[in-house]
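**Q** any chance you could fold what I've pasted below:
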Amino acid sequence: MNGLDADDSNQRYEVIKLFNEISGEMKGNEILVEKCGGIYNKITRYAENPKGLTEAIKSNIVNELREKLRTINVQSYDGLIKR
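**A** Next up, the predicted model:
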């Protein structure tokens with residue numbers, strides 16, 4: 001996703017398509033929606049109405065999602081270690 005530029009009209013469609021895929025996959029996982037509700041809402045909003053989507057916003061969303069998922073992964077790992 002970092003290789004795609006939301007400001008480039010040729011790549012914008014791919015960004016929107018990926019946001020739709022991510023939104024759908026997250027929606028199917030209640031834990032992700034619960035733990036990542038804010039980012040899920042952003043992704044879904046721009047997937048459904050990409051008019052205001054810019055490269056800066058896309059980059060922010062991607063970075064926030066990556067960090068949220070990393071944190072969930074670390075918390076899951078920590079939970080396994082503490083057992």
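
**Q** neighbouring contacts of the host helix or strand of Lys17?
**A** In the assignment (DSSP states H and E), Lys17 maps to helix 9-27. Outside helix 9-27, the residues within contact range by C-beta atoms under 8 Å, 6 or more residues apart in numbering are 1, 4-6, 32-33, 36, 40, 43-44, 46-47, 50, 53, 58, 61, 65. In this view, the C-beta of every residue, glycine as well, is placed from N, C-alpha and C.

**Q** just the residues you listed: which are in helices?
**A** Leu32, Val33, Tyr40, Ile43, Thr44, Tyr46, Ala47, Lys58, Ile61, Leu65 (DSSP state H).

**Q** what is the most widely separated pair among those residues?
**A** Val33 and Lys58 (20.5 Å; C-beta to C-beta).

**Q** between the two, which is the more surrounded one?
**A** Lys58 (25 against 14; other C-beta atoms under 10 Å).

**Q** okay, now the unreliable bits of the protein?
**A** 77-83 (pLDDT under 70).

**Q** if I look at the residue minimising distance to the centre of the chain, how far off is Ile16?
**A** Compute the mean C-alpha point of the chain, and by C-alpha atoms, centre = their mean the closest residue is Leu65, 4.5 Å away. Distance, Leu65 to Ile16, using C-beta to C-beta, to the nearest Å: 15 Å.
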